[in-house]
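1. quick one: sequence and predicted model below, then my questions.
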Amino acid sequence: MMVDIYDFYDKMERNNIMLSFKGDITSELLTSILQIMESKLDTMQEEPKIKKKVYNVLVECLQNLYHHMDEIPRSLNGASITTGDGENIRSAIFMIGKLDNQYNIITGNYILTKNVEVLKSRLDEINKLSKEELKDFYKAVLNNGEMSEKGGGGLGMIDIARKTGQKLNYHFMAVDDTYSFFSLNIKIAQ
């Protein structure tokens, strides 16, 4: 176990991970993470333009986790978690690091496998658009009031693509017949 923690620390150090978290994303946690990152960006004396971009993209990524991660059975998140009540939990992972003048925001969360194709289709649609088309698409989604069952119309992902100028780098991994793990790696170049 002690060697594992050193390996974990070493990997985080090599990838210059500034902050990481695994667990339930609550509104209180969102506030705390944003305050910590704002302070870290101030300490790093980052340019205001980059600081604002990183902060705004971070807000979108964390809100996406908060609003859209699906609950999973405790047994799926590690057999060592035993409470006896069998209730479902919300669990996600989040990391932010800076390597070679580029910020990386990485998120991961469980989703229902039945929702993978719809989300994949939406992300692929966003990735095909130019900067100008993203702007028009954002306005169209905003104006038509199209909302998902969890309240969003995909505006967060469109906004991330607009603000970063990068394609959305994502991956789905099937966990079992019911759940998949969705990971997103957002790059913010300076």
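-> Looks like it arrived, so ask away. Residues are numbered from 1 along each chain as shown.
2. using CSV, write down the CA coordinates of the host helix or strand of residue 36.
-> Using DSSP states H and E, residue 36 maps to helix 27-43. C-alpha atoms of helix 27-43 as CSV (Å, rounded to 0.1, in the frame of the first residue of the first chain):
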residue,chain,number,x,y,z
SER,A,27,-22.6,22.1,-4.5
GLU,A,28,-20.4,22.8,-1.5
LEU,A,29,-17.5,20.9,-3.1
LEU,A,30,-18.0,22.9,-6.3
THR,A,31,-17.6,26.1,-4.4
SER,A,32,-14.5,24.9,-2.6
ILE,A,33,-12.8,23.6,-5.7
LEU,A,34,-13.4,26.8,-7.5
GLN,A,35,-12.0,28.8,-4.6
ILE,A,36,-8.9,26.6,-4.4
MET,A,37,-8.3,26.8,-8.1
GLU,A,38,-8.8,30.6,-8.2
SER,A,39,-6.2,30.9,-5.4
LYS,A,40,-3.8,28.6,-7.2
LEU,A,41,-4.1,30.5,-10.4
ASP,A,42,-3.5,33.8,-8.5
THR,A,43,-0.4,32.2,-6.8
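3. and stretch 39-48, which residues are buried?
-> Within stretch 39-48, the residues scored as buried using 16 or more other CB atoms under 10 Å are 40, 41, 46. All C-beta spots, glycine's among them, are computed from the backbone N, C-alpha and C.
4. what's the first helix or strand after the helix holding residue 36?
-> Next element after helix 27-43 (DSSP H and E): helix 48-68.
5. and the next element down the chain from that next one?
-> strand 72-73.
6. so what secondary structure elements neighbour that following strand?
-> strand 88-89 (3 or more CB pairs under 8 Å, 6 or more residues apart in numbering; DSSP states H and E).
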